[in-house]
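Visitor: Quick one, what's the 3D model for this:
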Amino acid sequence: MIAYGGKELANAFRTVRKNTIQIAEEIPEEKYSFAPAPETKPVGKLLTHMAISTVIQEDLHKTKRLATLVGYDFFALRDRMVAEEGKARSKADIVELLRSSGERFAEWLESLTPEFLGEQVTQPDGMTSKSRFELLLGSKEHEMHHRGQLMLIERQIGIVPHPTRRFNEMVAQRAAKG
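Guide: Numbers count the residues shown, from 1 in each chain. Just a heads-up that it's a prediction; the model follows:
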């Protein structure tokens, strides 16, 4: 049996957030206003969205510890998030927000017991349920989705994403060895 609990969730989330922060640091501040297409978030707002998006999981599972999402006002929380994303922030402010919010969330994940993670939460449709583990894993998946967008944005602004650079370096080293 493979044991994957709160500690593993926290470590996986920290890895994902570390890579997000690396991208945030590599993109020049003057490109934080770049939006890749109409009706998309510019880089700075996308990074802010990523930094604050864990508040959804924290509200559901930590603050309210809901057993059902039937009737939950997702739009009120969305409105608060949009307002937070709209605040003027420098690149340094956004990177710090990514660091602090990510570590706060990871520390909480680390504390979660197998019993808590196994609890079922009824979905908004009132008919299906998911475990808290599945829902919390969604935070990492959400960030990875947006990180993929950021890596494409990096390409658009002339930056080779760091995983590609690392891979290219390994290929070059291998070729040099013969």
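Visitor: how far away is residue 148 from residue 58?
Guide: 24 Å (CB to CB, to the nearest Å). C-betas here are computed from N, CA, C, even on glycine.
Visitor: who has more neighbours, those two?
Guide: Between residue 148 and residue 58, counted using other CB atoms under 10 Å, residue 58 has the larger neighbour count: 16 against 11.
Visitor: and stretch 78-89, what's its mean pLDDT?
Guide: Averaged across stretch 78-89, pLDDT comes to 94.
Visitor: which other residues reach it?
Guide: 41, 44, 45, 48, 49, 52, 53, 55, 56, 97 (CB atoms under 8 Å, 6 or more residues apart in numbering).
Visitor: do that again at 6 Å, thanks
Guide: Residues from elsewhere that reach stretch 78-89 (CB atoms under 6 Å, 6 or more residues apart in numbering): 45, 48, 49, 52.
Visitor: With adjacent residues omitted, what lies nearest to the last one?
Guide: Spatially, and ignoring its direct neighbours in sequence, residue 52 is nearest to residue 84 (5.4 Å; CB to CB, 6 or more residues apart in numbering).
Visitor: picking up where we left off before, any chance of the contacts of stretch 78-89 in TSV, plus neighbour count?
Guide: Shown next, in TSV, are those (neighbours: other CB atoms under 10 Å):
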residue	neighbour count
45	19
48	24
49	17
52	16
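Visitor: which among those residues gets closest to residue 141?
Guide: Relative to residue 141, the closest of the contacts of stretch 78-89 is residue 49; by CB to CB it sits at 14.6 Å.
Visitor: which helices and strands sit right next to the host helix or strand of residue 167?
Guide: Counting by DSSP states H and E, the element that carries residue 167 is helix 162-177. With contacts taken as 3 or more CB pairs under 6 Å, 6 or more residues apart in numbering; DSSP states H and E, helix 162-177 sits against no other helix or strand.
Visitor: Noted, bye for now.
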